[in-house]
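Colleague: Sequence and predicted structure are below.
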Amino acid sequence: MKKFLILILILLYPLQSFSDEPGVISLMYHRVGEGKYPSTNVSIEMFQQHLKAIKESGLKFIKPSKFKEHILEGKKFKQRYILLTVDDSFKSFYENAWPILKEKKIPFIIFVNTREINSNHPNYMTWDQIRELRDSGLVTIGGHSWSHEYFVDMKIDEVKKDIEKSHQDYLKELKFIPDLYAHTFGETSVDLINLIKKFNYKIIFGQHSGVISQNENIYYLPRFSLNENYGKPKRFKNILRSRAFNLKSYEPKTILLNPSNNPTNLKLIFNENVKGINCFDNSGGSWRNTKINFKSSNEIKLIFDLPFKKRRGRVNCTLPADGGLIKWFGYQYSVIN
């Protein structure tokens, strides 16, 4: 009788995975308190509001070392965590956010591009300040290239030289080479990923919305990018409600779109029933509801009728989950003409 009941459950719920994991919500900041750069800035007040909302949510910050261990060893995240990340080493983050994080003992990753630091650019941290972060015990240094140029448009050999120059700087100034990396502008291609992997970067981050789980590509992990518009309270609270889909696979694995393959389609296969899923994309240059073709209760095909515009093609899918949470999957294409 017991075996019979188990068989019935399997037949009724064949797609539900019992290894579903909540995932890690990775937040990305650039500047804090530099209002003349609204696309990469949050105000000091907004930054403090974010930290307050995280505390009230009950979510805990995960140490980068623990995060790296789980990802590389394939360990499931048994609860939802916050991973705080910072790009570009802007001085305003050091002056306005670092004192708050240091007082609260909040760990984070900072991805350091080195050219402007070498030239003592007034908007960037100094190497002494970077070393202070490194020595605090709270901060993990990640790679972010030398020039922070738009690598998608560059020749692979040029990108290789650029990353080599950044490694020379890391060795000279920090005495080590990072093993975490963030794609410049969050944009990349399969060829770029294959190159960057050769520099022994273990985990690589993008800049597209979504929750990190073991089902994600560890060389193109999502992060929620926050600025004065996308960091507003309503959206931020929704981000804190997000959790990972139980994603099995997606295809094609295309990241770079050009006139020959734009628009494309995207097939998503889940280890769960995703009836009720909603997807949105910015094909044609503005956000729209994505056409969804259900192959089965766990397999969908996203249809993009219009080409994505240059630079960033984005897709977001959400589904209500238990406990008032939101399952959130995001994908980003790099688009060239």
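Modeller: Thanks, I have the structure now.

Colleague: What are the boundaries of the helices in the chain?
Modeller: 2-12, 44-57, 64-73, 91-96, 98-104, 115-118, 127-135, 156-174, 190-197, 233-240 (DSSP state H).

Colleague: The longest one versus helix 190-197: what angle between them?
Modeller: Right, the one you point to is helix 156-174. 30 degrees (axes from the mean of the first three to the mean of the last three CA atoms, to 10 degrees).

Colleague: now swap in the last one and tell me
Modeller: Orientation of helix 233-240 against helix 190-197 (the same axes, to 10 degrees) gives an angle of 70 degrees.

Colleague: Would you mark the buried spots in helix 233-240?
Modeller: Across helix 233-240, burial judged by 16 or more other CB atoms under 10 Å covers Phe236, Ile239, Leu240. Any C-beta I mention is one placed from the backbone N, CA and C, and that applies to glycine too.

Colleague: which one of those sits closest to Trp146?
Modeller: Closest to Trp146 out of the buried residues of helix 233-240 is Ile239 (31.4 Å), distances taken as CB to CB.

Colleague: Burial check on the spatially closest residue to that closest one that is not a sequence neighbour, number of neighbours?
Modeller: Excluding the flanking residues, the one nearest Ile239 by CB to CB, 6 or more residues apart in numbering is Phe224, at 5.1 Å. Each residue near Phe224 was counted by other CB atoms under 10 Å, and the total is 24.

Colleague: now Phe224, which residues is it bridged with?
Modeller: Counting by DSSP bridges, Phe224 is bridged to Leu27.

Colleague: hang on, it packs against Met28?
Modeller: Yes - contact status for Phe224 versus Met28: in contact at 6.5 Å, counting by CB atoms under 8 Å.

Colleague: Test my guess that Pro38 contacts Leu226.
Modeller: No - between Pro38 and Leu226 there is no contact under CB under 8 Å: 11.7 Å.

Colleague: Comparing those two, which shows the higher neighbour count?
Modeller: Leu226 (22 against 13).

Colleague: how near is Trp328 to Thr126?
Modeller: Distance of Trp328 to Thr126, computed by CB to CB, to the nearest Å: 37 Å.

Colleague: Who has more neighbours out of the two?
Modeller: Trp328 (24 against 15).

Colleague: which strand residues sit across from the more buried one in the sheet?
Modeller: Thr318.

Colleague: Now do the contacts for it.
Modeller: Applying CB atoms under 8 Å, 6 or more residues apart in numbering to Trp328 gives the contacts Ser209, Gly210, Val211, Ser242, Arg243, Ala244, Phe245, Asn316, Cys317, Thr318.

Colleague: how many other residues sit next to the closest residue to His144 other than its chain neighbours?
Modeller: Distances taken as CB to CB, 6+ apart put Phe111 closest to His144, at 3.8 Å, once the chain neighbours are dropped. As a burial measure, Phe111 scores 24 neighbours (other CB under 10 Å).

Colleague: Glu34 now?
Modeller: 20.

Colleague: My read is that it contacts Asn41, right?
Modeller: Yes - with contact defined as CB under 8 Å, Glu34 reaches Asn41; the gap is 4.8 Å.

Colleague: what about the stretch 1-150 of the chain, any weak spots by pLDDT?
Modeller: Along the stretch 1-150 of the chain, segments meeting pLDDT under 70 span 1-19.

Colleague: Let's see that with 90 instead.
Modeller: The model of the stretch 1-150 of the chain has pLDDT under 90 over residues 1-21.

Colleague: what residues are up against the residue nearest to Ile239?
Modeller: Phe224 touches Ile25, Ser26, Leu27, Met28, Ser209, Gly210, Tyr230, Ile239, counting by CB under 8 Å, 6+ apart.

Colleague: of all the residues you listed, which comes closest to Ile100?
Modeller: For the contacts of Phe224, the nearest to Ile100 is Leu27 (14.2 Å; CB to CB).
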